[in-house]
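Peer 1: how would this look folded up:
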Amino acid sequence: MAKKSLCFFILVTLITTISCSSNNPTTAHTVLTQHGFPVGLLPTDVKSYDLNTTSGKFTVHLTNPCRLILPPDNYLATYSKKITGKIVENKIGEINGIKVRAFYQWWGITGIKISGDDLVFEVGMVTAKYPSKNFADTPQCEGQKHSSS
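Peer 2: Numbers count the residues shown, from 1 in each chain. Have a look, this model is predicted:
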């Protein structure tokens, strides 16, 4: 009888854990905030993501490639359908799949660091610093209809 009670208890605990975690799934935007970054670094069009919690390597899949305007200087940016990189506390490195248009050409954003209340974007050996509050809202890709939620 004790074995049946123990098995029942384990089964109920497992079911409760699974149902609680499926009611509140972690999103790619949540992963950003868990590492100290604002949600506005990724567009709303995220379809899925994969994260290796040991190494920090990630892949973000968008529904479609995305074009949007990055604040505060209104730079045109493109996000590939697949974005890869490595995220750790206060730093995202090895980024592939995000480009920004500046000085009449396209530049790949290779890293983003947190420096106090600012974000430091790395484009090769050049960096640009912007207040992280400018990225508090998740941007919508150009051509996407606004949802009414």
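
Peer 1: tell me which residues in stretch 86-99 are buried?
Peer 2: Going by neighbour count (16 or more other C-beta atoms under 10 Å), the buried part of stretch 86-99 is I87, K91, I92, I95, G97, I98, K99. Glycine gets a C-beta too; all of them are placed from N, C-alpha and C.

Peer 1: Need the contact partners of it.
Peer 2: Stretch 86-99 is contacted by residues 31-32, 35-37, 41, 51, 55-58, 60, 77-80, 82-85, 106-114 when judged by C-beta atoms under 8 Å, 6 or more residues apart in numbering.

Peer 1: Kindly recompute the last result at 6 Å.
Peer 2: Stretch 86-99 is contacted by residues 35-36, 56-58, 78-80, 82-85, 106, 108-114 when judged by C-beta atoms under 6 Å, 6 or more residues apart in numbering.

Peer 1: same deal with stretch 44-56?
Peer 2: 28, 58-63, 66, 86-88, 138, 140-141.

Peer 1: Now that we have these, which of them are buried?
Peer 2: Buried, going by 16+ other C-beta under 10 Å: A28, F58, T59, V60, L62, C66, I87, T138, C141, out of the contacts of stretch 44-56.

Peer 1: May I ask which two of those are separated the most?
Peer 2: I87 and C141 (21.5 Å; C-beta to C-beta).

Peer 1: still on that earlier bit, please indicate which of the contacts of stretch 86-99 are buried?
Peer 2: Buried subset of those (neighbour count, 16+ other C-beta under 10 Å): G56, F58, T78, Y79, I83, G85, I109, T110, G111, I112, K113, I114.
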